[in-house]
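Chemist: what follows is a predicted structure for the sequence shown.
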Amino acid sequence: MSLRSGIGDFFNPRISGNAPPPSEKTKEPEPEREESGTWRETGYSATDEEAHRDSVYSIKSVLHQTLEVFMVQMKLFSKMKWTYILLFTALLIPIIALLAPDFIDILSTFGYSTGYSTTKIAGLLFFLPLMLGLMTSIMCGTQMPSEFKERTAYMNIPMPMSRASFFFGKYLAGFVMCLGIFMFAYSMAIATALKDYDTIFPDLITSSILLTLVGVMAYSATAYCIGCFTKKGSSIFPFALMSFIIPLIVVIICSQTDNYTLTLLPMFLGEAALGILGASMTGSAGMVILGNMDLTATWLMLLIGIAWTAGFLLLGYIRIKRREM
C-alpha cells in the first residue's frame, strides 16, 4: 500500500478498513424521559365521558344558525337611531289624543263616525298604510346591501354557515322589529280609545291586526328582495313602489274598468285593516278606492299576502345564493 493511499484511509473512515459500513451502524435507543409536573404525577384518571373522548363536534343546525343571525341583527337594530325614531311615532298616538282632543271630530268631517271605539282606533292609526311602506323600507331595504358594502358578508358567508340562515335570519329580524313597532302602535291606540269607550269589538280588531301582520310580511319581503338586487340599497324606492307607484296604477286601472279585484293585492292591506275598523279614508294613495274594496274577503287577502311574501323571499334568496363572493 502506497503512502498516499494510507494517508487517505486515515482521514476517510468510509473507505478505511477499520470503520464499519453505514449499514451496520445501529442507533442506540434513547432513554425514556421522566415526565414531571404533569397530570400523571397526581394519579388522576378520567372516564371517556369526563374526558370528552367520545364527543363528536359538528356544525350547528340551520335553525340554530338562523337564530344566531337573527340575534346579531336585532342587536344592530338596537343601535340604530331609526329604531327609536319609529318607536317615537307610535308614542305620538296618545300624545295627539291628549293634546288634540278634537282630532276625531275633525276626521268626522271626512266620514268618520265618532260613536264607536273601533272608528276612533282607526282614526288614531290614520297613517298606518303609509307607515307600512316607510318602516319596512327603512328596516329591511338596506340590510343586505349594507352587508356587502361594509364587507361583513364576505366574512360571514364563507364561514361554515348556510346562506339560507344568513338570508332568512336577517329578514326575520327586520320583520319582527317592524311588527313590534306596529303592535305597539295598536296597543297605544286601543288603550287611548278605552279611555273614552267602555267596549271594543275583539273580532274586528283581531281581523285588523291579522291584515296588518300580513301587510308587514309582504312589505318587508318586497323591500328586502329589492335590496338583494341593488348594490347600495335604498329605502326610498321600495317605499315609493309599494305606497305610491303600484297603488296609483291600480287606482287608474280600477277606475277605468270598474273592476276592483286588484285591491286584494298586499299594498292595500293597510287600507283594509283600517276599513274593517270603520275608517272611511286613510292617509295613503289608495284611500280613494277604500269604499269600493271588498272587506269581506279577508282570508283571500291574507292568502294573497302570504303568497306574495313567499315569492319575493324566494326570489331574493335565489339572488343571494347565486351571488359570487
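Modeler: Sure, I can see it.
Chemist: what would stretch 282-297 look like as CSV? C-alpha coordinates only.
Modeler: Taking Å, rounded to 0.1, in the frame of the first residue of the first chain, the C-alpha atoms of stretch 282-297 are listed here in CSV:
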residue,chain,number,x,y,z
THR,A,282,-106.8,56.7,5.2
GLY,A,283,-103.6,58.7,4.8
SER,A,284,-102.4,56.8,1.7
ALA,A,285,-102.6,56.8,-2.0
GLY,A,286,-105.2,54.1,-2.1
MET,A,287,-107.7,55.9,0.1
VAL,A,288,-109.9,56.9,-2.9
ILE,A,289,-110.9,53.3,-3.5
LEU,A,290,-111.4,52.3,0.1
GLY,A,291,-115.2,52.4,-0.3
ASN,A,292,-115.0,50.0,-3.2
MET,A,293,-112.9,47.4,-1.6
ASP,A,294,-114.4,44.0,-0.7
LEU,A,295,-113.7,43.9,3.0
THR,A,296,-115.5,40.6,3.4
ALA,A,297,-112.6,38.8,1.5
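Chemist: name the residues of that stretch that are buried.
Modeler: By neighbour count on 16 or more other Cβ atoms under 10 Å, the buried set for stretch 282-297 is 282, 284-290, 293, 295. To be clear about C-beta, it is placed using only N, CA and C from the backbone, and glycine gets the same treatment.
Chemist: correct me, but residue 236 touches residue 133?
Modeler: No - if you go by Cβ atoms under 8 Å, residue 236 and residue 133 don't touch, sitting 10.4 Å apart.
Chemist: related to what we said a few turns ago, which two in the buried residues of stretch 282-297 are spaced the farthest apart?
Modeler: Farthest apart among those by Cβ to Cβ are 285 and 295. That separation is 18.4 Å.
Chemist: on that earlier part again, which one's more surrounded, residue 236 and residue 133?
Modeler: Legend: neighbour count by other Cβ atoms under 10 Å for residue 236 and residue 133, higher for residue 133 (26 against 11).
Chemist: contacting residues for residue 319?
Modeler: 225, 228-229 (Cβ atoms under 8 Å, 6 or more residues apart in numbering).
Chemist: what comes into contact with stretch 254-271?
Modeler: Residues outside stretch 254-271 that contact it (Cβ under 8 Å, 6+ apart): 128-130, 132-133, 211-212, 214-215, 218-219, 222, 242-243, 246-247, 250, 253, 282, 284, 286-287, 289-290, 292-294, 297, 300-301, 304-305, 308-309.
Chemist: among those residues, which lie within helices?
Modeler: 128-130, 132-133, 211-212, 214-215, 218-219, 222, 246-247, 250, 253, 300-301, 304-305, 308-309 (DSSP state H).
Chemist: ok, of the buried residues of stretch 282-297, which one's closest to residue 86?
Modeler: Once Cβ to Cβ is applied, the member of the buried residues of stretch 282-297 that ends up nearest residue 86 is residue 284, at 17.4 Å.
Chemist: ok now do the closest one, which residues does it touch?
Modeler: 127, 129-130, 243, 247, 270-271.
Chemist: isn't residue 166 right up against residue 68?
Modeler: No - using Cβ under 8 Å, residue 166 is not in contact with residue 68; the gap is 9.8 Å.
Chemist: re earlier: now the contacts of residue 319 in CSV, with pLDDT?
Modeler: Shown next, in CSV, are the contacts of residue 319 (pLDDT from 0 to 100):
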residue, pLDDT
225, 94
228, 88
229, 89
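Chemist: drop anything exposed from the residues you listed.
Modeler: Looks like the contacts of residue 319 have 225, 228 buried, using 16+ other Cβ under 10 Å.
Chemist: okay, the contacts of residue 319 in JSON lines with secondary structure next?
Modeler: Listed next are those as JSON lines, based on DSSP: H, G, I helix; E, B strand; the rest coil:
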{"residue": "225", "secondary structure": "helix"}
{"residue": "228", "secondary structure": "helix"}
{"residue": "229", "secondary structure": "coil"}
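Chemist: ok, so of the contacts of residue 319, who is nearest residue 96?
Modeler: residue 225 (34.1 Å).
Chemist: the closest one touches residue 316, doesn't it?
Modeler: Yes - at 3.7 Å, residue 225 and residue 316 qualify as touching, with contact defined as Cβ under 8 Å.
Chemist: and the spatially most central residue of the chain, which of the three is it?
Modeler: Residue closest to the average C-alpha location in the chain (Cα atoms, centre = their mean): residue 171, at 2.2 Å. Under three-state DSSP, the three-state class of residue 171 is helix.
Chemist: was I right to think it contacts residue 313?
Modeler: Yes - the pair residue 171 / residue 313 is scored as a contact, 6.7 Å apart, by Cβ under 8 Å.
Chemist: what's the overlap in contacts for those two?
Modeler: Looking at what touches both residue 171 and residue 313 (by Cβ under 8 Å, 6+ apart), the common residues are 221, 224.
Chemist: neighbours around residue 270, how many?
Modeler: 31.
Chemist: return the set of buried residues in stretch 169-188.
Modeler: 169-182, 184-186, 188.
Chemist: neighbour-wise, which of the contacts of residue 284 leads?
Modeler: If you rank the contacts of residue 284 by neighbour count (other Cβ under 10 Å), residue 270 sits at the top with 31 neighbours.
Chemist: nothing else from me, thank you.
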